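Asks: below is the sequence, then the predicted model.
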Amino acid sequence: MRKRLTPFFVYIVRCADSSLYTGITSDLERRLKEHNRAKGGGYTRARCPVQLAYREACPDRSAALKREARIKSWPRKKKLGLIKDNPVL
C-alpha cells in the first residue's frame, strides 16, 4: 500500500516591522493564525501581526523543506522579486 502524501506549502509572511519570514506548513490558514496569536515561532512572536505575502504548494514535506532552504538562502531583494511576481490573491 502506498503512503498518501500530504501537500505542504512554503510561505513567506511580511511582519509588522516589514521583515520577511519563510516557513512551511501543511495547513496555511492555521499556521497564519498561530503566527498572529504570537504562538508561531520566536521570530514572528515579536513582530506581529504578519501578513501572507507568498505561498507555493509542494507535493510533500521533503520538497517543501528543500524549497524553504533555497528561499531562505536568498537575499531580501530576490525574495521581494518572488513576492512581486507571484502575488497572493
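Replies: Right, received. Where do you want to start? Numbering: from 1, shown residues only.

Asks: tell me which residues in the helix-or-strand element of the chain with minimal mean pLDDT are buried?
Replies: Within the chain, no helix or strand scores below helix 42-45, which has a mean of 90 by mean pLDDT, DSSP states H and E. Buried residues in helix 42-45, counted by 16 or more other Cβ atoms under 10 Å: Thr44. The way it works is simple: take the backbone N, C-alpha and C, and place the C-beta from them, glycine included.

Asks: pull the residues that contact it.
Replies: For helix 42-45, contacts defined as Cβ atoms under 8 Å, 6 or more residues apart in numbering pick out 13, 15, 21, 35, 38-39, 50.

Asks: give me the most central residue, the protein.
Replies: Tyr11 (2.0 Å; Cα atoms, centre = their mean).

Asks: tell me the helices and strands packed up against the one helix or strand it maps to.
Replies: Under the criterion of DSSP states H and E, Tyr11 resides in strand 8-14. On a contact count with 3 or more Cβ pairs under 8 Å, 6 or more residues apart in numbering; DSSP states H and E, strand 8-14 meets strand 20-25, helix 28-36, strand 51-58, helix 61-72, helix 76-85.
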